[in-house]
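Enquirer: give the three-dimensional model of this entry:
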Amino acid sequence: MFIIRMGIPEMQNLWKKLQKGHRDGENSKKDEELYLKWGNALKKLTNDPYYPGLHTHEIEPLSKRYGVKVWESYLENKTSKARRMFWVYGPNNNEITIIGLEPHPEDKKNGAYNRIKLSDLPN
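Expert: A predicted model of the protein is given here:
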């Protein structure tokens, strides 16, 4: 099992906002859908980063840019602009840090991954 951490500040702030909105019943329909799909993907990632439904794979252009292997897992599939979760192992053993949540890049061949901005790792 892995401990899931959120990259800072973006991922940490977004997750806290969605959690609070869920608890308080204040999420928009779109935010609630994101919270549920993301939460489901996080549960799967905790138990098995290579769970078949996550379709986890390394994104080499991001790994090269950040100097650490960056992985992509699916939150959803076969939908327009399906969301993807980007993550790395660490910073400690048995930890995974979520560093990005983006729609699937439209055209991988034209540097689409260059437009993705990732969160920093927590200390």
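Enquirer: of all the residues in the lengthiest helix in the chain, which ones are buried?
Expert: For the chain, the longest helix by residue count, based on DSSP state H, is helix 29-47. Across helix 29-47, burial judged by 16 or more other Cβ atoms under 10 Å covers 34-35, 38, 41-42, 44-45. Backbone N, C-alpha and C define where each C-beta goes, glycine included.
Enquirer: any idea how far residue 26 is from the spatially most central residue of the chain?
Expert: Residue closest to the mean C-alpha point of the chain, counted by Cα atoms, centre = their mean, is residue 85 at 2.4 Å. Residue 85 sits 23 Å away from residue 26, going by Cβ to Cβ, to the nearest Å.
Enquirer: now swap in residue 52 and tell me
Expert: 34 Å.
Enquirer: got phi/psi on the closest residue to residue 66 other than its chain neighbours?
Expert: Leaving aside its chain neighbours, residue 66 sits nearest to residue 118 (6.7 Å; criterion: Cβ to Cβ, 6 or more residues apart in numbering). Main-chain dihedrals, residue 118, degrees, to the nearest 10: phi -110, psi 150.
Enquirer: shouldn't residue 122 be within a strand?
Expert: No - Residue 122 is assigned coil when assessed by DSSP: H, G, I helix; E, B strand; the rest coil, not a strand.
Enquirer: give me the low-pLDDT residue ranges for the protein?
Expert: 80, 105-112, 123 (pLDDT under 70).
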